[in-house]
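Peer 1: Please work out how this folds:
(chains A and B)
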Amino acid sequence: MSATEAKIKISGVTRKYSIRRNTEEEKKEFTALQDVELNVKPGEFLTIVGPSGCGKSTLLDLMAGLAVPTEGELFIDGKKITGPALDRGIVMQGYALFPWRTVRRNVEFGLEIKKVPKKDRKAISDRYLELVGLSGYGDRYPYELSGGMKQRVAIARALAYDPEVLLMDEPFAAVDAQTRETLQDELLQIWERTGKTIVFVTHSIDEAVALADRVVVMSPNPGRVREIVPVSLPRPRRVGDVQSTADFSWIRHRVWELLQGETAAVKPAPQQAPVQAPLELAEQLSSSAAL
Amino acid sequence: MPEIDNEILLRTYPMNYIHPKAKGKKTPVLSILKAVAEKSAVMLLILSAWEALPRLGLVDPFLLPPFSDAVGSLVRLFQSGEMFRHIAKSLERSGLGFLAAVAFSIPVGTFMGWNKRIERIADPLLQVCRNTSTLALYPVFILFFGLGETSKIAIILWGTVWPILLNTISGVKEADPLLIKSARSMGISRIGLFTKVVWPMATPSILTGLRLSAATAILMLVAAEMLGADRGLGFMIFYYQERYAIPEMFGGIIFIAVLGVLINFLLVRLESRMTRWKERIVKG
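Peer 2: Residues are numbered from 1 along each chain as shown, chains lettered A, B, ... in the order given. Model (predicted):
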């Protein structure tokens, strides 16, 4: 397959970190990702799911150009990724809005970097604020917004400079369940309207399946791609509707099994409820003994 | 959860939402008067005592002339125009020392705050310098630069450089890595990262440093102009003290105090204006 068929091509990527807990300790090598092969197709909605420590955020950072692979290479449109650029927009879990800028000036941030003239910036930020349902909030400061609204601003900011790829790192993890579903639906609509390629990292299986064309299931220690599960649910989707279908349940179960197999391999019998009570008791006993 | 309440409120009744900036505007006159009375009560008490004690003969009026006499002398000094010469000279010295401190501390502080290793290495030296009494160093400055303007500006520079430097370092050092990452993901240039992200983020801290330093610049005047000066507010105070023109001396002290309070007030205003985006954090 030629590299141009993939929007982003990840080829034999390994990423290692050397870490040390304190300054005296010797450096230890930690493999966050091992031999990752992955192609993101143009215009596709790809979700990446996996337990913590599986390197899914590292993979996203590599695609964003915020980190460099220890081995292997990444390409966008056949060109090697050497650093961050405005052809990829990133949305992070913690909103990462600039608190000293108004909503509008946050959305215009990438445009300023792109050196878009001021009068054009206004038109563009208006358009994207409308797209995320925040028309009329342009002059507010981030501290005046709720979590869901902040995340909408972050999405508008990433879309405003018109990147071809949107990289999203657990963007809805910090909002409440109701807002989350609204944001998921809005994101699907935005994706359908704009035709962007989206890579979306999450730890929620439901979210991964409901949104994706394909779900990349990752496994930890070291981080690898375990399997890619295609999601052939009809589009356009509404998250609430799609989650009640039998097909959804089936795919969801398949992904769950893959993840379960992973955790089971590390520590068998992950049922927590029966273990918890004796554990608490043991803690109480030991703490009273300490007294 | 306040988060979702807010969300529903804003979506349903966006017109009913009271902008925080609008909230403070309808303060009733009565509460303003109350605040003024509260804040000035102790001041008025002390000033009345200052007025009354010499007049009642409880304190020697030659050593402590009544407050009104001191103010009267100050007014006469303004009328004769003498005061303006002193003010101009003092502000020139304070201003030059302060500006030199700003020009040095903000770039160097940014560099040190950004390079954590350099900051670690230099920190002990900074702590020693900062805690070395400026007055103790005055003889050294005189030794090096003589009794002229240079040593006077140097001592003000020394006194004002540390608060700005240390606050710039901590402001830059504590810059939110998530925001830096976010800006970097948009391919921001090195210069852009500082002008658009790091400095705005460090602004509250830097402004606090500037305010402390500006106060020091005024405080240092008296010491700086103690020796080898023929003009300036500090000089004036010593000049009248030596000539036993005590009301004039107190007039000068009152003026320096007022100047310090005024500068602090203006900088506090500037600070709250430039950090309005922190409103919620400040108000808790």
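Peer 1: Which positions in chain A make contact with chain B?
Peer 2: When proximity is defined by CB under 8 Å from any CB of the partner chain, chain A lies next to chain B at A:64-66, A:83-86, A:88-90, A:92, A:94, A:96, A:98-101, A:109-110, A:112-113, A:136, A:141-144, A:146-149, A:161, A:175-176, A:178-179. Any C-beta I mention is one placed from the backbone N, CA and C, and that applies to glycine too.
Peer 1: Now stretch B:47-55: buried residues?
Peer 2: Buried residues in stretch B:47-55, counted by 16 or more other CB atoms under 10 Å in any protein chain shown: B:50, B:51, B:53, B:54.
Peer 1: Look at the first one and report its pLDDT.
Peer 2: Residue B:50 is assigned a predicted lDDT (pLDDT) of 94.
Peer 1: does residue A:218 belong to a helix or a strand, and which?
Peer 2: Assigning secondary structure by DSSP states H and E places residue A:218 in strand A:214-219.
Peer 1: Mind exporting the C-alpha coordinates of the following helix or strand past that strand to CSV?
Peer 2: Downstream of strand A:214-219, the next assigned helix or strand under DSSP H and E is strand A:224-230. C-alpha atoms of strand A:224-230 as CSV (Å, rounded to 0.1, in the frame of the first residue of the first chain):
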residue,chain,number,x,y,z
ARG,A,224,0.9,-2.4,21.5
VAL,A,225,-2.0,-2.4,19.1
ARG,A,226,-3.9,-5.6,20.1
GLU,A,227,-6.6,-5.5,17.4
ILE,A,228,-8.5,-3.1,15.2
VAL,A,229,-12.3,-3.7,15.4
PRO,A,230,-14.4,-2.3,12.5
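Peer 1: Check which helices and strands strand A:224-230 is in contact with.
Peer 2: When contacts are defined as 3 or more CB pairs under 8 Å, 6 or more residues apart in numbering or on different chains; DSSP states H and E, strand A:224-230 packs onto strand A:28-40, strand A:214-219, helix A:246-266.
Peer 1: quick one: residue A:245 from residue A:46, how far?
Peer 2: According to CB to CB, to the nearest Å, residue A:245 stands 21 Å off from residue A:46.
Peer 1: Tell me which stretches of the stretch 1-150 of chain B form helices.
Peer 2: Here the stretch 1-150 of chain B has its helices, by DSSP state H, counting those that start in this stretch, at B:2-12, B:20-23, B:29-55, B:67-79, B:82-114, B:116-131, B:134-145, B:149-173.
Peer 1: same check, this time on the stretch 101-250 of chain A
Peer 2: Secondary structure of the stretch 101-250 of chain A (DSSP H, counting those that start in this stretch): helices at A:103-107, A:109-113, A:118-131, A:147-160, A:177-194, A:205-211, A:239-242, A:246-266.
Peer 1: Need these in a markdown table (columns: mean neighbour count and mean pLDDT).
Peer 2: Below are the helices of the stretch 101-250 of chain A laid out as a markdown table (neighbours: other CB atoms under 10 Å in any protein chain shown; pLDDT from 0 to 100):
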| stretch | mean neighbour count | mean pLDDT |
| --- | --- | --- |
| helix A:103-107 | 24 | 95 |
| helix A:109-113 | 21 | 93 |
| helix A:118-131 | 16 | 92 |
| helix A:147-160 | 25 | 92 |
| helix A:177-194 | 17 | 91 |
| helix A:205-211 | 24 | 95 |
| helix A:239-242 | 16 | 91 |
| helix A:246-266 | 15 | 82 |
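Peer 1: Just want the most central residue of chain B.
Peer 2: For chain B, residue B:211 is the residue whose C-alpha lies nearest the centre (CA atoms, centre = their mean; 3.0 Å).
Peer 1: what helices or strands is the helix or strand that it is a member of leaning on?
Peer 2: Using DSSP H and E, residue B:211 sits in helix B:199-224. With contacts taken as 3+ CB pairs under 8 Å, 6+ apart, helix B:199-224 sits against helix B:82-114, helix B:134-145, helix B:149-173, helix B:233-242, helix B:246-274.
Peer 1: Quickly, which of those bottoms out on average pLDDT?
Peer 2: Between these, the one with the least mean pLDDT is helix B:134-145; it has a mean of 88.
Peer 1: Run through who's touching that helix.
Peer 2: Contacts to helix B:134-145, defined as CB atoms under 8 Å, 6 or more residues apart in numbering or on different chains, come from residues B:151, B:154, B:155, B:158, B:159, B:220, B:223, B:224, B:227, B:228.
Peer 1: distance of residue B:278 from residue A:143?
Peer 2: From residue B:278 across to residue A:143, the span is 8 Å (CB to CB).
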